Each structure stands twice: as C-alpha cells, then as structure tokens.
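> let's see this in three dimensions:
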Amino acid sequence: MAAPASGPYKELSEEACERLEDCRRQKSMWRADLEEAYFFSAPPRARDISSSNAPATTKPDDQAELQTSLGFECSEDFGSLICDTFMPQTQPWAARAKGALVDDDVWEEVKDSVAAGDAAIFDGISASNFYPELAKGVNPDAATGTLAMWIDTGRPGQPIFCQSVPLRELEINVGPTGDIDDRFVVRHTCFGKLPALLPDVTLPSKIAKKVAEKKRDKCVVRWGYWRDWSERGDEVWQHVVMIDKEVVHSAVLRGEGSCPLVVGRFGAFAEWAFGWGPILRALPDLRQLDEQRALFIDSLDGMIRPPMGYPDDQMANLEGGVEAGMFYPVRPGTEGAIKPLYEQPKPDAALFEEANLERRIKRLFYQDFPEQRGDTPPTATQWAEEVKRALRRIGTPGLVFWREFCGGTFLRFQYLLQAAGKIEAVKVNGAAVSLTPINPAQREQDALEVAAFNQFTATAGAAFPEEFKLRVDGAQTMKNLSDKLGAGKIVAWRSEDDIKAAAAQIAQLQGGQAPAAQGGAPMPAAA
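This next block holds a predicted model:
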C-alpha cells in the first residue's frame, strides 16, 4: 500500500484522496451493472472497471457463456447513431450564439468574427485525432451512458491530442449543481513510464530516483480535477497530479474549456454521476434473451438427436448412440420398441417471443426505424414521419449529453486554440462577449419557420401580388432565409456596385428590345 500523503502538498493530497474515494463510492453503486453491460456488448474489454485494481493482463474467458450477439450489434449501431446525430464528421455540429445579456447591435458587430472562429474550431477538430478516438470510446461506453475524452495540447508543432478514457480509469462524482464536478483519471503503470506520461511535471527527488533505478516497479498515476466554487464569477478548476497518494503537481485552471477531461452522460440523473444508457436499460431483456437462446439450443439439440429408448436385453447395446449410414442388428419382434422417450415441443412460441425481445431491445437502443411489417410497404410520407419520430425520442436524453460532451468538446478546442493564438476571443470595446454553444440539431425550429414562410408567401403572394412585391424587402428576406437554412457560407452575395451594374445592363437590354416588340428596328448585332 502507498505511503500516506506527505510533502509540500500534504493538505491537497488528503483532499484529493477524499474526493477520489467519494468518486469510487459512486461507481460502486453501478459497478455490477456496468460490468454486466460489458459482458453483453464487448466481452474482450477489461471486465473489472474498478480503478483500485491493476488491469488484468489476460482477456476475459467467459465469452463462451454468452448465447447471443445482439448486444454487440446494438451497442455498435448506437455508437454510430450518437456520432451521426450529435457529432457528424462531415459538417459542423456546434456553433456559438449570443449570450442572454448580449444586445442585438453588439451581436451584429461580432457575428462575422464568431462565424470565422467557429470554422477555425472545426478545422482544429478535424486536424486532431478526435474522431478516431471517438470511435474507440463510443463502443460500448456511449451505450452504457458515460463517455469520457481527454483533450490536451500535443507535442510542439503537432495538432491537439485526444485520448478516449475507458470506464476502468474514470472516476467521477456529481457536484452541488447536479453536474459532473470531481473527475479523476487513474492509471496503473510503472516508474519507467512516468517521464512520458508527465513530461511537464517536475518529479520529487525520491520519485525521480525510482524512475532511474526501479523502472519496472509499479505505481499509480492520478490526474484530478474539481471545481473551485469560491470564485463565482468564472469557471475555475483545481488540478492535481498524484503519484500513488502524493500530489506532485498542482495548478489552477481558469475559463470555459480549461478542464481537459471532458465527460458526458446519456440519460443522466440528478443524483448519480453515471448515465443510464441503453445497454443498462436493456439488461433485463438481454438476460432473458440469453437464457431463452440457451434453452432453445438445448431444445433444438433434442429435436435433432432425440433421446431414444430400446429393450436392452433383446438386442445390441445402443447406449453410446448410433452413427449415420451404419447397420445395427435388431431381433425380430422388437422393432417397435425403439422410439423417442418423449415428444419434443414445437419451438414456434419460443421463436415468436425471441423476436419480440429483439424488437424491444432495438427500441431501447433507438434503432426501431421503420420496418415493413406487412405486404404493403409504407408510403414515403409515412416512412419519413416514422424516422422523425424515432429520432425525436433520442433528443430528450441526449440534451445533457450534447451539453456536457459535445458542447464541452467544442469549448475545450476553443480554449486551446485561443491559448495557441489561432483564434481570438470575441470582444467589443475591450470587453469579452458572452457566447453560448448551440446544437445545430435545434435548428428544427428554424425549418418550421421556413415552412411557415413558404405557406405565407403562397397565400399572401397569390392574394395580393402587387402589394406583396411592394412591401417585402426581397434582398433582406433572402439573407434571412439563407441564415435559417444554414446556407450562409455557400451563398455569394453581389456587392452594391455589381447590383447597380447588373440592373443597368438589364434595363439597357429591355430598352433595346422594346422597339423590336413594337415593330421598330431591332438592336444591332454584336460585332
């Protein structure tokens, strides 16, 4: 066992150890369910998710006990659904909007620079290894409901570095606001790897001596972060690095996105640090399906090779079974005595119940997309409505996930790029402007407004065509539509000078064609 806390950070070490133990008590409430979820969705993953124990050096060997692979498929598809719905790689999935206290005139002044900064943030995300690491983490951790990512500066001159944090290394706890507050990464390693893991930390002499002389000896590195609520005007984090139970580095991080450990929950509760994801919700059904599959296989074996009875005193002993294509002697008069011991039940009802269970599990994973249940396929409108209804269900439990993980990732990249001088903080008259990340998926309301506009123009334009053209500012309306539809980066607007030149050319063409229409001389042909 590691020695008790000592050194210059003695009090901070004691506080960090207490907070870590509180986090571990949170995980202990969920440990059995999370480990069972790994059994159904990713058997090769390290099954013991307690950070108190060193990770196993061998792969779990209980996969042969599993009777169904449905958990593999559903957790993988749910990870893809999370990525495609909330963080699609091919398009921006977040943007900054004006805060509640920002005036409209101030926003008009800075919105172009905000849009340019948003584009730079997504360039930074694309240049990093965020998406490959996300692919590692979402299967199956997104399905468990808790996903963590380490986002920090890379080597000098290199892109921002991301690393998926497995649940085995993650320890978290809720804070006074119900959000995730205390968060730790606990990694079991050896002293020889400390220089690579902690390149910017000056190690105490006694630890540096072990690094030089006892490289293979085991140790535990803990990175810890928790909010400092004594400063209410800013987001402030206390950061510590611990070797075993002793703090060897301390720092104070300020600003939104300053914490490199981003944690998000899908299906969050106010009183628990871990999310209640689809795989945890489906555990009762997966247990039942797994048991039914085992019984069905046993029943199928009995149907194919039924137990037989025969008079053992009148013929050859067939106790060891029979082989196909072989002949066995049977005494005359005993042919009818060889028969199955009992009639096997038909598996129709079991197959029907299994199909219902699979459909139920897929619904819990939000994969109940439209399927043709009868001979007549659904119409295009019915199909689109069912898809929209299925995707809408993921929105409510996904709100917290988007704010904590997607919004947290966006703010973290913004913080790092600002610190590197790649983008500038948005300011007016020297004062920072409050901006809030928004989810483009929330633009469904914008689409409804566009639909209402189309209905209005169709009605008003037909009823009052001349007054409609006279009163509606077409140029500003088109700009508003491009903003609502998210086409502002694609549409290229002419300058005022180009507009005047084009209008003059159109007038000239119309004026030259007028005499020809009235029977006069046509315009001369171009040379």
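> could you export stretch 60-69 as CSV, CA atoms only?
Extracted C-alpha coordinates of stretch 60-69, given in CSV (Å, rounded to 0.1, in the frame of the first residue of the first chain):
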residue,chain,number,x,y,z
PRO,A,60,-11.8,-12.4,-20.1
ASP,A,61,-12.6,-16.1,-20.9
ASP,A,62,-16.3,-16.1,-20.2
GLN,A,63,-17.4,-15.2,-23.8
ALA,A,64,-18.3,-18.8,-24.4
GLU,A,65,-21.1,-18.5,-21.9
LEU,A,66,-22.8,-15.8,-24.0
GLN,A,67,-25.6,-17.1,-26.2
THR,A,68,-26.5,-14.0,-28.2
SER,A,69,-24.6,-11.4,-30.2
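> in contact with the residue nearest to Tyr366 when sequence neighbours are not counted, which residues?
Once flanking residues are discounted, Tyr366 sits nearest to Ile394: 4.7 Å by CB to CB, 6 or more residues apart in numbering. In short, each C-beta sits where N, CA and C put it, glycine included. Taking CB atoms under 8 Å, 6 or more residues apart in numbering, we find Ile394 in contact with 81, 85, 366.
> excluding chain neighbours, give the residue nearest to the first one in space.
Once flanking residues are discounted, Leu81 sits nearest to Tyr366: 6.2 Å by CB to CB, 6+ apart.
> what's the pLDDT at the one you found?
On pLDDT, Tyr366 comes in at 85.
> most centrally placed residue in the protein?
Ile82 (4.5 Å; CA atoms, centre = their mean).
> quick one: residues contacting that residue.
Ile82 makes contact with 138, 142, 266, 401 under the criterion CB under 8 Å, 6+ apart.
> picking up where we left off before, between the contacts of Ile394, which is closest to Leu357?
Tyr366 (16.8 Å; CB to CB).
> next, count neighbours for that closest one.
By the criterion of other CB atoms under 10 Å, Tyr366 has 20 neighbours.
> secondary structure class for it?
Here Tyr366 is coil, with the state taken from DSSP: H, G, I helix; E, B strand; the rest coil.
> look up the closest residue to Phe269, ignoring the ones flanking it.
Leaving aside its chain neighbours, Phe269 sits nearest to Trp276 (6.5 Å; criterion: CB to CB, 6+ apart).
> double-check that the one you found belongs to a helix.
No. Per three-state DSSP, Trp276 lies outside any helix segment and is coil.
> surely it is in contact with Gly267?
Yes. With contact defined as CB atoms under 8 Å, Trp276 counts as touching Gly267 (4.2 Å).
> give me the common contacts of those two.
With CB under 8 Å, 6+ apart as the test, Trp276 and Gly267 both reach Gly145.
> for Ala135, give its distance to Lys479.
For Ala135, the distance to Lys479 equals 38 Å [CB to CB, to the nearest Å].
> ok, back up a step: go ahead and confirm the residue nearest to Leu81 touches Ser80.
No. Tyr366 is beyond contact range of Ser80, at 11.2 Å (criterion: CB under 8 Å).
> count the neighbours of the residue nearest to Phe269 for me.
Trp276, neighbours per other CB under 10 Å, totals 19.
> for it, give me its contacts.
By CB under 8 Å, 6+ apart, the contact list for Trp276 reads 145, 267-269.
> ranges for the strands of the stretch 1-150 of the chain?
Secondary structure of the stretch 1-150 of the chain (DSSP state E, counting those that start in this stretch): strands at 95-98, 146-152.
> scratch that, the stretch 351-500 of the chain is what I was asking about
For the stretch 351-500 of the chain, the strands defined by DSSP E, counting those that start in this stretch occupy 427-428, 431-432, 435-438.
> pLDDT wise, what is the residue nearest to the centre of the chain at?
On the pLDDT scale, Ile82 gets 90.
> how close does it sit to Gln91?
According to CB to CB, Ile82 and Gln91 sit 15 Å apart.
> ok, now Lys193?
Note on Lys193: its distance to Gln91, by CB to CB, is 39 Å.
> compare the two and say which is more crowded by neighbours.
Taking neighbours as other CB under 10 Å, Lys193 and Gln91 compare with Lys193 leading, 14 against 9.
> list the residues that contact Ala282.
Ala282 sits in contact with 71, 74, 360-361, 364-365, where contact means CB under 8 Å, 6+ apart.
> what's the closest non-adjacent residue to Val450?
Per CB to CB, 6+ apart, closest to Val450 is Lys484, 5.4 Å.
> correct me, but the one you found touches Ala451?
No. Using CB under 8 Å, Lys484 makes no contact with Ala451, being 10.5 Å away.
> same drill for those two, tell me which one is more crowded.
Per other CB under 10 Å, whichever of Lys484 and Ala451 has more neighbours is Lys484, with 17 against 10.
> ok, the more buried one to Glu449 distance?
Counting by CB to CB, the gap from Lys484 to Glu449 is 6 Å.
> ok, now Ala95?
In this view, Ala95 and Glu449 are 17 Å apart by CB to CB.
> more neighbours, the two?
Ala95 (21 against 14).
> who does the more buried one bridge with?
Ile438 (DSSP bridges).
> let me see the domain layout of the chain.
As recorded under automatic domain parsing, the domains making up the chain are 10-57+64-282, 444-515.
> please tabulate those domains in TSV, including the columns distance to Phe405.
Shown next, in TSV, are those (distance: least, CB to CB, whole Å):
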stretch	distance to Phe405
domain 10-57+64-282	2
domain 444-515	21
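> among those domains, which is nearest Gln418?
Per CB to CB, nearest to Gln418 of the domains of the chain: domain 10-57+64-282, 8.6 Å.
> ok, and the most crowded of the contacts of Trp276?
Neighbour counts for these (other CB under 10 Å) peak at Gly145, which has 26 neighbours.
> next, it: phi, psi?
With angles defined as degrees, to the nearest 10, Gly145 sits at phi 110, psi 0.
> which ones are touching it?
265-268, 274-280.
> cutoff 7 Å now
Counting by CB atoms under 7 Å, 6 or more residues apart in numbering, Gly145 touches 265-267, 274-277, 280.
> distance check, it against Cys23.
16 Å.
> where does this structure dip in pLDDT?
Scanning the chain for pLDDT under 70 picks out 1-7, 62-63, 301-352, 369-391, 428-436, 438-448, 486-489, 510-527.
> and the contacts of Ala282 as TSV, adding neighbour count and distance to Thr177?
As requested, those are exported to TSV (neighbours: other CB atoms under 10 Å; distance: CB to CB, whole Å):
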residue	neighbour count	distance to Thr177
Gly71	26	34
Cys74	25	33
Arg360	15	35
Ile361	27	34
Leu364	20	29
Phe365	23	30
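> now, the most widely separated pair of those residues?
Gly71 and Arg360 (13.3 Å).
> who touches both of these two?
The contact sets of Gly71 and Arg360 do not overlap (CB under 7 Å, 6+ apart).
> counting neighbours, what do you get for the closest residue to Pro60 other than its chain neighbours?
Sequence neighbours aside, Arg47 is the residue nearest to Pro60 in space, at 4.8 Å (criterion: CB to CB, 6+ apart). Residues near Arg47, counting by other CB under 10 Å, number 18.
> now do the contacts for Arg47.
With CB under 7 Å, 6+ apart, Arg47 has these contacts: 35, 38-39, 60.
> of the residues you listed, closest to Ala504?
Tyr38 (71.6 Å).
> next, work out how far apart the closest one and Ile279 are.
9 Å.
> would you map the helices across the stretch 251-400 of the chain?
278-281, 283-304, 348-364, 380-393, 395-401 (DSSP state H, counting those that start in this stretch).
> and the stretch 51-200 of the chain, by the same measure?
According to DSSP H, counting those that start in this stretch, the stretch 51-200 of the chain carries its helices in the segments 70-86, 104-127, 130-144, 194-197.
> JSON lines for those, including distance to Cys406?
JSON lines is the format used below for these (distance: least, CB to CB, whole Å):
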{"stretch": "helix 70-86", "distance to Cys406": "5"}
{"stretch": "helix 104-127", "distance to Cys406": "11"}
{"stretch": "helix 130-144", "distance to Cys406": "11"}
{"stretch": "helix 194-197", "distance to Cys406": "28"}
